[in-house]
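Asks: From the sequence below, what's the structure:
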Amino acid sequence: MTDSDPNRAQRLGDAIMRELADIIATESRDPRLELVTILGVSLDPSMNIATVQYTVHSDPEQVAEGLAHSRGFLRTELGRRLTKRRIPELAFQFDASAGTPNEETDAFEEMLNAARRR
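Replies: As a prediction, the model looks like this:
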């Protein structure tokens, strides 16, 4: 990263996040990736590895397999869309803290039931 542009990694991470979300939603034919939400992208200091944080609304293990299987396709598509000489390697990291819809629904229903009992 150069001193003249300290926000370069952040801008590249944001661009990768936007494009990956679009590629997964519109171009991926892998059914395991249908309910993936990209939460963020962080780059290592050398900008050679982009760590993609994601959450899912289905089986996390199947999605991890789908992302690993699609890694080359996703990187190739990023290369076509971004005007960068070198596209970073993609590493995927599941973020379990976002919760699944069922967990969120269960927690909401539990709060409603507690409020009704009062």
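Asks: got the residue ranges for the helices in the protein?
Replies: Counting by DSSP state H, the chain has helices at residues 8-26, 60-81, 101-117.
Asks: Tell me which residues are up against the second one.
Replies: Read that as helix 60-81. Applying CB atoms under 8 Å, 6 or more residues apart in numbering, the set of residues contacting helix 60-81 from outside is 16, 19-20, 23-24, 27-28, 30-33, 35-36, 54, 56, 87, 89-90, 92, 94, 96. (C-beta placed from N, C-alpha, C; glycine too.)
Asks: Which residue, neighbours along the chain excluded, lies closest to the residue positioned nearest the centre of the chain?
Replies: Closest to where the C-alpha atoms of the chain average out (CA atoms, centre = their mean) is residue 38, at 2.6 Å. With CB to CB, 6 or more residues apart in numbering as the measure, residue 21 is the residue that lies nearest to residue 38, at 4.6 Å, once sequence neighbours are left out.
Asks: Could you report the pLDDT at that neighbour?
Replies: Note on residue 21: pLDDT of 96.
Asks: That's all I had, so thanks and see you.
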